[in-house]
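Participant: I need the structure of the sequence given here:
(one chain, ligands or ions: 2)
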Amino acid sequence: MTPLMNDGFDGEPAKRVLHYMQGAKQKGKPIAGIYCGYAPIELVQAMGIVPAVLCAFSKVPIASAETVLPANLCPLIKSSYGFILEGTCPFFSMSEAVIAETTCDGKKKMFELAAEVKPMHVMDLPQLPDEAEALENWTVMIRKLQRFLEKTFGRKASDQDIETAIQESNRKNRLMRKVFDFAAMHPPVINWQEMYDVGFLALPSTFKDMDAIIEKVLAGLENRVAQGIHYGTQRSPRVLVTGSPVGGDALKIFKIIDACGGLVVAPDACTGIKGFLGEIEENTPDPVAAMAKRYLEIPCACMTPNGQRLAALSRMIDKFKPDAVVDFVLTACHSYNVESYKIGQHVNDHHGLPFLKIESDYSDNDEGQIRTKIEAMFEMVAR
Ligand code: SF4
Ligand code: SF4
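Facilitator: Numbers count the residues shown, from 1 in each chain. Ligands and ions are numbered 1, 2, ... in the order given. A predicted model of the protein is given here:
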């Protein structure tokens, strides 16, 4: 397969993003660290600040984190904090401040500790998205973030700057969705690693920077279609993977599905397709409120009730036509773990598809067990 991004970094998304960040820094752009899909990156970009997704997906720094944090905590939180303690996340080192949100208990308590190392602005995320006050409260939180960024970075953004960033972000996300369309094909023309690589760079990058890159990726995909190049066969089991964010050492779930002969056609977590769905309404009298509305629609399991996740999942199933759904839940992530029951019911009852919950962490000692479960599921969907 010809690489979709011909820049020498294929399969090494962190190196590619580091290269991008170093270039931005050289051009005098400040960097703000982010951890979560709720960080309103359009506001950050409107202020000429580059949002950097911080390291959180390696098992290596977990031992250091456990000298402070309890061991029975989600690996994503332990890894994030371990990177901070060890000083090994280049994106954290480059960031002048960090934007955080009150998504889950473990994370928000870890942020208190991280605030001792770097200026940290924690946004109070409303978690009852259907309540009338939720939108107003989240809009206030985004405005407070704006003031924090103004003070910390000495930069300002007018409503027009924010509107421009929103429109650019919408355009970038539309282009990204075109990339994912190639995974909806039978058989798919793009694999999970390529989707992950493009998404990893696209998430923090401005539209201006990503435009040409995504266009090139799309041309490469069109070219594959023209030449009849694709992944797997018509008979390969197609899998939608939902649940906790997947990256770094957690990518084992995608690798095992691959190794069992499956095709991950829809990586639905925040590190996959979810970050590029939806549109922020354009040309409204209040672009910050428009942004708040879109972000509150993110179907994270920290929300309750989270009917929007079921609706989003149904749309995803209708589009990518998986043969099975895997719910990947990081150990000790209570919100995704409890919600998994409802997700399973929804997948079975509304879509008639097999559903498999995999609860795991960043270690590799359960790979054999996971493999056995995936193989058993594939036997059920064999065509
Ligand atoms: S799963 Fe939820 S908490 Fe985690 S990054 Fe996504 S939006 Fe944030
Ligand atoms: S995976 Fe779950 S527990 Fe871990 S940081 Fe995300 S929401 Fe919190």
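
Participant: ok, which stretches of the stretch 1-150 of the chain are helices?
Facilitator: 13-26, 41-46, 62-65, 75-86, 90-94, 105-114, 132-153 (DSSP state H, counting those that start in this stretch).

Participant: Please see if the fourth one touches ligand 2.
Facilitator: The one in question is helix 75-86. Yes: using Cβ under 6 Å from any ligand atom, helix 75-86 reaches ligand 2 at 76-77. To be clear about C-beta, it is placed using only N, CA and C from the backbone, and glycine gets the same treatment.

Participant: buried set for that helix?
Facilitator: Going by neighbour count (16 or more other Cβ atoms under 10 Å), the buried part of helix 75-86 is 75-85.

Participant: what's in contact with stretch 68-85?
Facilitator: The set of residues external to stretch 68-85 that reach it, using Cβ atoms under 8 Å, 6 or more residues apart in numbering, is 35, 54-67, 89, 92, 104, 106-107, 110, 113-114, 117-118, 244-245, 248, 250, 330-333, 361-362.

Participant: tell me the average confidence for that stretch?
Facilitator: Stretch 68-85 carries an average pLDDT of 98.

Participant: I'd say Glu359 and Val326 touch.
Facilitator: No: at 11.3 Å, Glu359 does not count as touching Val326 under the criterion of Cβ atoms under 8 Å.

Participant: who's more crowded, the two?
Facilitator: Val326 (27 against 18; other Cβ atoms under 10 Å).

Participant: ok, that one to Lys274 distance?
Facilitator: 15 Å (Cβ to Cβ, to the nearest Å).

Participant: what's the answer for Ser64, then?
Facilitator: From Ser64 over to Lys274 (counting by Cβ to Cβ), the distance is 30 Å.

Participant: So which of these two has more stuff around it?
Facilitator: Lys274 (21 against 18).

Participant: I'd like to know how many residues surround the residue nearest to the more buried one when sequence neighbours are not counted.
Facilitator: Excluding the flanking residues, the one nearest Lys274 by Cβ to Cβ, 6 or more residues apart in numbering is Asp268, at 5.9 Å. By the other Cβ under 10 Å criterion, the neighbourhood of Asp268 contains 27 residues.

Participant: separation between Asp268 and Phe153?
Facilitator: 33 Å.
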